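K.L.:
need the 3D shape of this:
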Amino acid sequence: MAGDSIGQLFRFTNWGESHGKAIGGVIEGCPAGLDLTEADIQPALDRRRPGQSKIVTQRKEADKVEILSGIINGKTTGTALAFIIQNQDQRSKDYSEMAKLYRPSHADFTYQQKYGIRDVAGGGRSSARVTASTVAAGAIAQKILSEKQDIEIIAYVKSVGDIETDINPLEVSRELVEATPVRCPDGKVAEKMIKRIEEIRKAGDSIGGVVECVIKNMPVGLGEPIFDKLEADLAKAMLSINASKGFEVGSGFSGTKLTGSTHNDEFLNHDGKIQTRSNFSGGIQGGISNGMPIDLRVAFKPTATIIRDQNTVNLDGEPVVFKGKGRHDPCVLPRAVPIVEAMAALTIVDHWLRFRAYQ
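P.N.:
Alright, predicted model coming up:
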């Protein structure tokens, strides 16, 4: 199996290349009768698209989505729902030099060795360009979760390099996130992040950071033992995002510094509703949601393409010096926010449909 699909009952397949004619997706298992048009999907794509500010890539793509199947009179039919996004601003000539060598920290070498062939222009399937399709599918998943279960998913930039906000995730709103181009809901910290990214961009370098995501109004019971635990599927989803290198939920790695007496989430009865006093578990216990908000974080590495001389080898294994060119993000974090939300939505809606099957 090629690995282009995710989910069981709500199954999304991603297709297309960075500099091909188009990218798109197919969703199987979308419930029938859902009110859906392109207008429900486009806002999410507008948040991910390139060229939004000077701290992201200046590739100009409208990212206009067109639904091809699975809709009649503005309602889903329950059959395969396909959509397409045309590529408009391809510049394959920017990559002619790269056909002769392996770019550091890119997928050039691994794709070439695995398949014996690779799409040089933009990295083909390994490009973050294909995440536009994921965001489109995620918008549909979020619409289902919002209307059927009142589940809300909000992600934001928690850190850029060593600049970090300590804002309470439960106090973050979409409005606060969208108030700055870096998508950090802490205004003062956001200013520092933007300044750092601009300095990095002018130096021809790149920088990484962390996106935090909180999922509110979660029902109890989502997740499957043993290999389909909710946090396991969330981890797989998040680590499938380009440039992601780390995942943690709840207390994560910081929980290793605590004792059991401090870390255990004690239960209490709050106005007839059983919940936990703390949430070190991050809303998941035994691989199953416990009704508390899910709190997760995804680490993103610095963008691999930088406008600096780097040592590498050509296709014959001979040492060469390579300097990146073209249009690239000096920091992927701002545009990664809607991608993290989309992957969370795709995972949660699939488990929600699986949970409903038990009932």
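
K.L.:
how much space separates Val349 from Ala336?
P.N.:
20 Å (CB to CB, to the nearest Å). C-beta coordinates here come from the backbone N, C-alpha and C atoms, glycine included.

K.L.:
looking at these two, which has the bigger crowd around it?
P.N.:
Per other CB atoms under 10 Å, whichever of Val349 and Ala336 has more neighbours is Val349, with 29 against 26.

K.L.:
and that one, how close does it get to Asn290?
P.N.:
According to CB to CB, Val349 stands 19 Å off from Asn290.

K.L.:
Glu171 too?
P.N.:
21 Å.

K.L.:
and these two? Which one has more around it.
P.N.:
More crowded of Glu171 and Asn290, by other CB under 10 Å: Asn290, with 24 against 9.

K.L.:
in contact with that one, which residues?
P.N.:
Counting by CB atoms under 8 Å, 6 or more residues apart in numbering, Asn290 touches 220, 275-276, 281, 283-284.

K.L.:
helices of the chain, start to end?
P.N.:
With helices called from DSSP state H, the chain shows them at 38-48, 108-115, 131-149, 174-177, 187-202, 230-239, 260-263, 333-358.

K.L.:
can you tell which of those is closest to Asp166?
P.N.:
Closest of the helices of the chain to Asp166 is helix 187-202, at 8.6 Å (criterion: CB to CB).

K.L.:
now do the closest one: which elements does it pack against?
P.N.:
Packing partners of helix 187-202 (3 or more CB pairs under 8 Å, 6 or more residues apart in numbering; DSSP states H and E): strand 152-160, strand 163-164.

K.L.:
looking at these, which is closest to Lys236?
P.N.:
Lys236 sits nearest to strand 152-160 of all those, at 17.0 Å, using CB to CB.

K.L.:
give me the contact list for that closest one.
P.N.:
Residues outside strand 152-160 that contact it (CB under 8 Å, 6+ apart): 142, 145-146, 164-165, 172-174, 176-177, 182-185, 190, 193, 196-197, 207-217, 297, 331, 333-334, 337-338, 340-341, 344-345, 348.

K.L.:
which residue packs closest to Val321, ignoring adjacent ones?
P.N.:
Nearest residue to Val321 in three dimensions, chain neighbours excluded: Asp309, at 5.2 Å (CB to CB, 6 or more residues apart in numbering).

K.L.:
state the distance from the one you found to Cys331.
P.N.:
Taking CB to CB, one finds Asp309 at 21 Å from Cys331.

K.L.:
how many neighbouring residues does the nearest residue to Val320 once chain neighbours are set aside have?
P.N.:
Once flanking residues are discounted, Val320 sits nearest to Asn314: 5.1 Å by CB to CB, 6+ apart. Per other CB under 10 Å, the neighbour tally for Asn314 reads 13.

K.L.:
and the one 3 residues further on, by the same measure?
P.N.:
When neighbours are defined as other CB under 10 Å, Gly317 has 7 of them.
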